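>>> how does the following fold in three dimensions:
(one chain, ligands or ions: 2)
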Amino acid sequence: MTVHSFQEHFDEKMDKDQAIEAKDWMPDDYRKTLIRQIAQHAHSEIVGMLPEGNWITRAPNLRRKAILLAKVQDEAGHGLYLYSAAESLGISRDDMMEQLHSGKQKYSSIFNYPTISWADMGAVGWLVDGAAIMNQVPLCRTSYGPYARAMVRICKEESFHQRQGYEIMLTLANGTEMQKKMAQDSLNRWWWPSLMMFGPPDADSPHTEQSMRWRIKRFTNDELRQRFVDVTVEQARILGLTIPDKDLKWNEATGHYDFGTPDWNEFYNILKGNGPCNKERLDVRRKAWEEGQWVREAALAYSDKRRQRKEKKAA
Ligand SMILES: [Fe+2]
Ligand SMILES: [Fe+2]
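Ligands and ions are numbered 1, 2, ... in the order given. Model (predicted):
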């Protein structure tokens, strides 16, 4: 087969909405885009464990502690599926770690904000995992098979994450005056960063068009952001909390909520590494990698020993 016919085969699969698998030929840029996106997604899962892991020892009771522990552990699992999916594209786990630590590969900027009260565990689950679901449900049908299959399980778990967060908010919102205030303060701080999770406006999103054509992306950033706002406004109403946006208004003509513009300067500034927790998050990850070195070495030595024993037996 010539390269041309490989391309034709790929295009045909795209046209028929069929999955591309690891063994299939794919254009270099498609592979690169997927590696960038899946690695960034995997990094987000494990860096995302940090702001919540921060509250495990301080959960208000045993039930909350068990739930939060399970949730944070899920995120580690998500990281694992996603690193494996990225590896199927020909990048090694060590490479991805190296690029995370050097800042070459990114993780979601949302995790560069601090979690300063217990209510933040509610707001993060409700809003951050909620926004993640909006982003991720369409990825269950993304064109790269291993990524799409990983997302099916991840989305089921994300929906539990969103509910556990919402339940914390519901409890606080119906609690004492102080608890309600704590919930509102948390919503005030997490609302705008959550909207930024969908990425820059479509007009400023350089990868969107190609990614849509490759069916890596199914909806644009602005479409998903709108969907998130429409759903979340109703949920805030049930909580009796106020979304901190004076421009938020139902639009009869469009059938959607109009809303204000996030502070994109803040977004780009955090992306550049200047957020409140960028340095802290990367330092913790680097330290964990260094301190885990002996575990990786021990695991390798053990599997080596087992292999040698097996070979001896076979001989
Ligand atoms: Fe996750
Ligand atoms: Fe989650």
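
>>> residues of the protein that sit close to ligand 1?
45, 75, 78 (Cβ under 5 Å from the ion). Where you see a C-beta, it was placed from the backbone N, CA and C, and this is true even at glycine.

>>> which one of those has the most neighbours?
H78 (26 neighbours; other Cβ atoms under 10 Å).

>>> can I assume that one is in contact with E157?
Yes: if you go by Cβ atoms under 8 Å, H78 and E157 touch, sitting 7.1 Å apart.

>>> helix, strand, or coil at Y257?
Per DSSP: H, G, I helix; E, B strand; the rest coil, the secondary structure class of Y257 is strand.

>>> specify the beta-bridge partners of it.
Beta-bridge pairing of Y257 under DSSP bridges involves W250.

>>> and it, how far from ligand 1?
26 Å (Cβ to the ion, to the nearest Å).

>>> just checking, that residue touches L248?
Yes: assessed by Cβ under 8 Å, Y257 is found in contact with L248 at 6.0 Å.

>>> higher neighbour count, those two?
Y257 (19 against 16).

>>> which residues are in contact with that one?
226, 229-230, 233, 248-251 (Cβ atoms under 8 Å, 6 or more residues apart in numbering).

>>> give the buried subset of these as a ChimeraX selection command.
Selecting the buried subset of these in ChimeraX, with 16 or more other Cβ atoms under 10 Å as the burial test, is done by:
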select :226,229,233,248
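
>>> re earlier: of the residues of the chain next to ligand 1, which is the nearest to D204?
Nearest to D204 among the residues of the chain next to ligand 1 is E45, at 25.7 Å by Cβ to Cβ.

>>> roughly how far does K217 sit from ligand 2?
K217 is 20 Å from ligand 2, by Cβ to the ion.

>>> quick one: contacts of stretch 18-36?
6-7, 9-10, 13, 86, 88-91, 105, 143-148, 207, 210-211, 214, 216.

>>> contacts for stretch 166-185?
64, 117-119, 121-123, 125-126, 130, 186-187, 235, 238-242.

>>> close to ligand 2, is it?
No: applying Cβ under 5 Å from the ion, one finds stretch 166-185 separated from ligand 2 by no less than 12.8 Å.

>>> span of that stretch from start to end?
This stretch, stretch 166-185, spans 15 Å end to end (Cα to Cα, to the nearest Å).

>>> and the stretch 101-250 of the chain, which residues reach ligand 2?
129, 158, 161.

>>> okay but the first one is in contact with I154, surely?
Think D129. No: in this structure, D129 is not within contact of I154 by Cβ under 8 Å, at 10.8 Å.
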